[in-house]
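Chemist: sequence? don't have it. structure:
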């Protein structure tokens, strides 16, 4: 089949012959065909080639010892003065370490970033980004926190310092396009990497972003970046995909991507969804301030769970974890 395949995933007990999407928590027995500018054609699982079935149903490897047969919570810790959501709240060393320790009680992964990627944000000097992040990671490891840590950066030197301090994962919003040395570092260290789709950089990405077909274009772009990563020596089973909600997308683009999120299973990699407190949640939900967008963020996270996302990147860790536990209990009973 040409184009992409979106498994029509559903919770609960499914008929004989259905399969688990990415060996996760949802089953499907039909797929929607997604091509540029067209979709809606439905095919049965039995109509797929062996290669198609393997991409959609193959087990996703453990991530730093975490199985991905259920959704995992990635807690966001921005040690920046200008993050759109919580800029300055965890900017001090002691505040950052305390917040990370608190999140570690519920989060499966801690995502630590020292450069804001909000719309209009400017680059942070490498040494400053290292100063903000590496000591926090080292302090958490010294305190006995064993939770896997992700470094949210586009820069090889920042990632290297974080990995040396005890980080386990690289989360790159540029999908290895910003710093040519980062792919080589990830390959050399053998660590997992998250490749996120973005159109433009943080300074320009929300200046009238346009797509002819946002879902197929994001899928095509992520497939190209995955091919680049493997060509650079990064193991295929170390790659995570992220559609980049809010990064060079309008509200309509975000909603289309969320509606078609399960198509990302066709990339053959775990799906990370990071929509927490984004502007479209406030616009639709009537919450101007980012800190007031927790309920809407949880709603979007649960939508991601219903589409089979394996990793949820969120600010409100405890609230999201509680909601996910209830969703899974109801869906699997």
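Modeler: That came through, no problem. Every value quoted in this text rests on a predicted model; they were computed, and no experiment measured them.
Chemist: Provide the backbone phi and psi angles at the closest residue to residue 268 other than its chain neighbours.
Modeler: Taking Cβ to Cβ, 6 or more residues apart in numbering, and ignoring the residues beside it in sequence, residue 268 has residue 55 as its nearest neighbour in space, at 4.1 Å. All C-beta spots, glycine's among them, are computed from the backbone N, C-alpha and C. When read as degrees, to the nearest 10, the backbone of residue 55 gives phi -60, psi -40.
Chemist: when you give positions from now on, start the count at 32
Modeler: That works, and once the first residue is 32, the last one we named lands at residue 86.
Chemist: Residue 86 contacts residue 300, doesn't it?
Modeler: No. If you go by Cβ atoms under 8 Å, residue 86 and residue 300 don't touch, sitting 9.2 Å apart.
Chemist: More neighbours: which of the two?
Modeler: Legend: neighbour count by other Cβ atoms under 10 Å for residue 86 and residue 300, higher for residue 300 (26 against 17).
Chemist: okay but the more buried one is in contact with residue 271, surely?
Modeler: Yes. The pair residue 300 / residue 271 is scored as a contact, 5.9 Å apart, by Cβ under 8 Å.
Chemist: what touches both of the two?
Modeler: Counting by Cβ atoms under 8 Å, 6 or more residues apart in numbering, residue 300 and residue 271 have no common neighbour.
Chemist: Read off the pLDDT value for residue 114.
Modeler: Looking at residue 114, its pLDDT is 53.
Chemist: Check which helices and strands the helix or strand bottoming out on mean pLDDT in the chain is in contact with.
Modeler: Lowest by mean pLDDT, DSSP states H and E among the helices and strands of the chain is strand 50-51, with a mean of 82. Packing partners of strand 50-51 (3 or more Cβ pairs under 8 Å, 6 or more residues apart in numbering; DSSP states H and E): strand 58-59, helix 81-88.
Chemist: Flag the shaky bits of this protein, pLDDT-wise.
Modeler: 32-33, 43-48, 113-123, 151-152, 234, 236, 364 (pLDDT under 70).
Chemist: Okay, helices next: where are they in it?
Modeler: For the chain, applying DSSP state H gives helices covering 81-88, 124-134, 157-173, 187-196, 211-220, 245-262, 282-290, 310-316, 325-337, 348-362.
Chemist: mind checking which of the ones you listed is nearest residue 54?
Modeler: Of all the helices of the chain, helix 81-88 sits nearest to residue 54, with 6.7 Å by Cβ to Cβ.
Chemist: Who are the packing partners of that closest one?
Modeler: Looks like helix 81-88 contacts strand 35-38, strand 50-51 (3+ Cβ pairs under 8 Å, 6+ apart).
Chemist: strands paired with the least confident helix or strand of the chain, and their directions?
Modeler: Under the criterion DSSP bridges, strand 50-51 sits next to strand 58-59 (antiparallel) in its sheet.
Chemist: How far does the partner strand sit from its chain's centre?
Modeler: Averaging C-alpha positions (Cα atoms, centre = their mean, to the nearest Å) puts strand 58-59 22 Å from its chain's average.
Chemist: beta partners of residue 182?
Modeler: residue 143, residue 201.
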